[in-house]
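Asker: generate coordinates for the sequence data below:
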Amino acid sequence: MADTIDTYRTLTPYLVVPDADAEIRFLKDAFGATEGQCQRQADGSVMHAELNVGDSLVMLGQAGNEWKALSAALYVWVPDVDAAYARALAAGAASQSAPEDKPYGHRNAGVVDQNDITWWIGSPIA
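Answerer: From the prediction side, this is the model:
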């Protein structure tokens, strides 16, 4: 087990997903996440995992009997929207919207991952 992440922010997303291992792989492949702790049930499913995505923490767990899967939409700030969008697609996400400059000063794109979570990817327009 990796070291426990000891820095928590005021608000931390917690995802309950049908396939926690797929979500962990997606976060690593698409956004360069690093895994902190990962506690597993006796059957090998993820009970609780913590991943760093840049300077932020995402917690997640496997949906099961008492914990039903929840839908979510998250906005992730990256240095290069186009590169992150390409990595997300390569990691198995479907395109929600291709990268484009928006009138509010962001370049953004959207993808939906294997667990039906929408990820809005953004950066300031250079």
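Asker: helix or strand: which one has the spatially most central residue of the chain?
Answerer: What sits nearest the mean C-alpha location of the chain, by Cα atoms, centre = their mean, is L27, with 4.7 Å. Assessed by DSSP states H and E, L27 sits inside helix 20-31.
Asker: centre of the chain to that helix, how far?
Answerer: Relative to the centre of its chain, helix 20-31 is centred 7 Å away, using Cα atoms, centre = their mean, to the nearest Å.
Asker: stretch 117-126 too?
Answerer: 12 Å.
Asker: buried residues in that stretch?
Answerer: By neighbour count on 16 or more other Cβ atoms under 10 Å, the buried set for stretch 117-126 is I117, W119, W120, I121, G122, S123. Placement of C-beta: from N, CA and C, glycine included.
Asker: so who does G64 touch?
Answerer: For G64, the contacting residues are Q41, S45, by Cβ atoms under 8 Å, 6 or more residues apart in numbering.
Asker: pLDDT score assigned to it?
Answerer: Per-residue pLDDT puts G64 at 92.
Asker: just the one 4 residues further on next, same as before
Answerer: The confidence metric pLDDT takes the value 93 at K68.
Asker: SS state for it?
Answerer: Classification of K68 by DSSP: H, G, I helix; E, B strand; the rest coil places it in coil.
Asker: distance of it from Y14?
Answerer: 13 Å (Cβ to Cβ, to the nearest Å).
Asker: in terms of contact, does P18 touch K68 like I think?
Answerer: No - applying Cβ atoms under 8 Å, one finds P18 not in contact with K68, separated by 9.7 Å.
Asker: picking that back up, now intersect the buried residues of stretch 117-126 with the strands, please.
Answerer: Those of the buried residues of stretch 117-126 mapping onto strands are W119, W120, I121, G122, S123, per DSSP state E.
Asker: what pLDDT is listed against the fourth one?
Answerer: In this case it means G122. pLDDT, read off for G122, is 95.
Asker: same question for the first one.
Answerer: As predicted, W119 sits at a pLDDT of 96.
Asker: which one is it nearest to, not counting chain neighbours?
Answerer: With Cβ to Cβ, 6 or more residues apart in numbering as the criterion, W119 has its nearest non-adjacent residue at 5.2 Å, and that residue is V111.
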